[in-house]
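Enquirer: Model the following, please.
(2 chains)
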Amino acid sequence: MTEFRSDFLRLLQTRGQLHQVTDEAALDAALLENRITGYIGFDCTGPSLHVGSLVQIMTLRRLQQTGHKPIVVMGGGTTKIGDPSGKDEMRQVLSAEVIESNKQKILGTFARFLSFGDGPSDAIMVDNADWLDQLSYIPFLRDIGRHFSVNRMLTMDSVKLRLDRDAPLSFLEFNYMILQAYDFVELYRRFGCRLQCGGSDQWGNIVAGIDLARRVADAELFGVTSPLITTSSGTKMGKTAAGAVWLNPELRSPYDYWQFWRNTDDGDVGRFLRLFTDLPEPEIQRLEKLQGAELNDAKKILATEATALCHGRAAAEEAFETARRTFEEGVLAEGLPSFEVESSRLKAGIPVATLAHLAGLVRSSSDARRSIQGGGLRLNDVAVSDVRAMATLGDLKDGVIKLSLGKKNHILIKPI
RNA sequence: GGGGGAGUGUCCCGAGCGGCAAAGGGGGCGGACUGUAAAUCCGCUGGCGCAGCCUUCGUAGGUUCGAGUCCUACCUCCCCCA
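Expert: Predicted coordinates for the structure are as follows:
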């Protein structure tokens, strides 16, 4: 493996987030000599980023930690196109309003991981709609489009995979690569940005930008990709059937976020500590050596550290404490998610199945009924045996009713 | 423009002679075993205050006692020819 001299590349390497580099020696040298400005683009396809973007966010964080300048590029423009990389289906075309609203909701997450400002290594955030929306078709084709060979584009993985699988690929999406390449050039011109990072699926797009820059701006730009992070059981990180693991606290509470990390597979603990926390290497080596049940201590540290980065230290400690009381002491913990019902409804009595549905513990009341039949639903830690069981004011204990689904999902029902 | 093929349970893949809430996987959830892990075994995986009722197979009509299944039109996608 290459011995890097620059702090940034060395850090990425020890942290396990380095996959490919375009021109290792030249980039390594450039990083040693100067403060480098680097960017990663994020699409605004949803109201929050999820854990799948975390490696990229951490890459920017590490860029900043090693003295360089990160640019967060919000894909306000490119989201209107839709990146075909790694997708089988044609992207839905999102409206401009939705994209803008998504963008606003995503901003806060970055402020947690990066420090923004006017200083030399402070992060900045830009929206590629600022320049992409202004483009005129014919001039763009003549100035930029001429440098792209369709023959070559057809061989790019993002395109080829679609074609090979007989999956639809619209001309709109086909252009994504060109626009992302143009982004890189534009960022170079505006901010002197010379580095683009991204997931391994972005390699083609990144290289396209580097090629374009050489042709139209006579510039030498660099690209770094990180590996696709999978869990040791082989699934893609951060995509559960229950939904993506959101970084935005409104979509996933810090407590649930903490739980996500707490439930990491044994085999992933060391890798995830390196990728998703700032803990020093010797500490990680100590933690990942723990055996059997002791490894749980490492998972708790992973959970707290990862949550602290995303939601702040206080929220992480609180989540930790809530989990400790719930799982280790088996007592009622105030910090559990809660749900409010009018006490008048409770007074009249409400079916437990309906209540579990209202509280969001299950998808539907039918689902709740099934869980009851399967013995998975508990009221105040006692299994509910009758599908038609009612919850009333009499079930209040310490002013709340604790509903649980399985060992891990709890919610406190609070009368108002 | 011409010809051929496809769209199935709102997670995915995928069977489906006119009686279908619809086979089988994967994934997920729950139970047992554990360590809030993995592996394994078992159950569940449309909705409803649920012995009943209501909605699902690209969309809209039609045939029929009865349609995912047959007919017509339309939409979307794929392949071949021009």
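
Enquirer: List the contacts of A:Asp398.
Expert: Contacts for A:Asp398 (Cβ atoms under 8 Å, 6 or more residues apart in numbering) come out as A:Leu332. C-beta here means a position set from N, CA and C on the backbone, and glycine is covered the same way.

Enquirer: What separation do you get for it and RNA strand B?
Expert: Per Cβ to the nearest atom of the strand, to the nearest Å, A:Asp398 is found 21 Å from RNA strand B.

Enquirer: same question, A:Tyr257
Expert: Going from A:Tyr257 to RNA strand B by Cβ to the nearest atom of the strand gives 12 Å.

Enquirer: Quick check, pLDDT for A:Gly82.
Expert: On pLDDT, A:Gly82 comes in at 67.

Enquirer: With A:Arg194 instead?
Expert: The model reports A:Arg194 with a pLDDT of 96.

Enquirer: Spell out the residue ranges of the helices in the stretch 1-150 of chain A.
Expert: Secondary structure of the stretch 1-150 of chain A by DSSP state H, counting those that start in this stretch: the helices cover A:7-14, A:24-33, A:54-65, A:96-113, A:129-132, A:137-143, A:150-153.

Enquirer: mind putting the ones you listed in TSV, mean pLDDT included?
Expert: Shown next, in TSV, are the helices of the stretch 1-150 of chain A (pLDDT from 0 to 100):
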stretch	mean pLDDT
helix A:7-14	95
helix A:24-33	94
helix A:54-65	95
helix A:96-113	86
helix A:129-132	92
helix A:137-143	93
helix A:150-153	86
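
Enquirer: for these, which one sits closest to RNA strand B?
Expert: Proximity of the helices of the stretch 1-150 of chain A to RNA strand B was assessed by Cβ to the nearest atom of the strand; the nearest stretch is helix A:150-153, lying at 15.2 Å.

Enquirer: next one: the closest one to chain centre, how far?
Expert: In terms of Cα atoms, centre = their mean, to the nearest Å, the centre of helix A:150-153 is set 31 Å apart from its chain centre.

Enquirer: Show me what secondary structure element comes after the helix or strand containing A:Asp367.
Expert: Here A:Asp367, judged by DSSP states H and E, is contained in helix A:365-373. Counting by DSSP H and E, the element after helix A:365-373 in chain order, helix or strand, is strand A:377-379.

Enquirer: Walk me through which strands that next one pairs with, and which way each runs.
Expert: strand A:382-383 (antiparallel), strand A:401-405 (antiparallel) (DSSP bridges).

Enquirer: Next, the buried residues of it.
Expert: A:Leu377, A:Arg378, A:Leu379 (16 or more other Cβ atoms under 10 Å).

Enquirer: got it, and stretch A:396-408?
Expert: By 16+ other Cβ under 10 Å, the buried positions in stretch A:396-408 come out as A:Leu396, A:Val400, A:Ile401, A:Lys402, A:Leu403, A:Ser404, A:Leu405.

Enquirer: Closest one of those residues to A:Thr155?
Expert: When the buried residues of stretch A:396-408 are compared for distance to A:Thr155 (Cβ to Cβ), A:Leu405 wins out at 49.0 Å.

Enquirer: and the closest one, what is it in contact with?
Expert: Residues near A:Leu405 by Cβ under 8 Å, 6+ apart: A:Ala356, A:Leu361, A:Val362, A:Ser371, A:Gly376, A:Leu377, A:Arg378.

Enquirer: before we move on, the earlier item: helices or strands next to the helix holding A:Asp367 in the packing?
Expert: The contact analysis (3 or more Cβ pairs under 8 Å, 6 or more residues apart in numbering; DSSP states H and E) places helix A:365-373 against helix A:352-358.

Enquirer: can you narrow the buried residues of stretch A:396-408 to ones near RNA strand B?
Expert: The subset of the buried residues of stretch A:396-408 within reach of RNA strand B, by Cβ under 7 Å from any atom of the strand, is A:Leu405.

Enquirer: before we move on, the earlier item: pick the most buried one from the helices of the stretch 1-150 of chain A.
Expert: helix A:54-65 (a mean of 22; mean count of other Cβ atoms under 10 Å).

Enquirer: Other residues contacting that helix?
Expert: Counting by Cβ under 8 Å, 6+ apart, A:8, A:11-12, A:15, A:17, A:36, A:38, A:40, A:42, A:49, A:69-70, A:72, A:109-110, A:113-115, A:121, A:123, A:195, A:197-199, A:224, A:226, A:229, A:238, A:247, A:275-276, A:278 sit against helix A:54-65.

Enquirer: For PyMOL, what selects the buried ones among those residues?
Expert: Only the buried entries of the contacts of helix A:54-65 go into this PyMOL selection, using 16+ other Cβ under 10 Å:
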select buried, chain A and resi 8+11+12+15+17+36+38+40+42+49+69+70+72+109+110+113+114+121+123+195+197+198+199+224+226+229+238+247+275+276
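
Enquirer: mind putting the contacts of A:Leu405 in a markdown table, pLDDT and distance to A:Leu287 included?
Expert: Compiled in a markdown table, these are given as follows (pLDDT from 0 to 100; distance: Cβ to Cβ, whole Å):
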| residue | pLDDT | distance to A:Leu287 |
| --- | --- | --- |
| A:Ala356 | 93 | 37 |
| A:Leu361 | 91 | 33 |
| A:Val362 | 91 | 35 |
| A:Ser371 | 93 | 36 |
| A:Gly376 | 90 | 33 |
| A:Leu377 | 93 | 36 |
| A:Arg378 | 92 | 33 |
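
Enquirer: can you pick the most crowded of those residues?
Expert: Among the contacts of A:Leu405, A:Ala356 has the most neighbours (other Cβ atoms under 10 Å), with 30 neighbours.

Enquirer: Could you find the closest non-adjacent residue to that residue?
Expert: A:Ala368 (4.2 Å; Cβ to Cβ, 6 or more residues apart in numbering).

Enquirer: neighbours of that neighbour, just the number please.
Expert: Neighbour number of A:Ala368 under other Cβ under 10 Å is 27.

Enquirer: residues contacting it?
Expert: Contacts of A:Ala368 (Cβ under 8 Å, 6+ apart): A:Val352, A:Ala353, A:Thr354, A:Ala356, A:His357, A:Leu361, A:Val362, A:Leu377.

Enquirer: now do A:Gly77
Expert: Neighbour list for A:Gly77: A:Asp127, A:Asn128, A:Ala129, A:Asp130, A:Trp131, A:Leu132, A:Asp133, A:Leu179 [criterion: Cβ under 8 Å, 6+ apart].

Enquirer: A:Leu346: which of these is nearest?
Expert: Of all the contacts of A:Gly77, A:Asp127 has the smallest distance to A:Leu346: 48.0 Å, by Cβ to Cβ.
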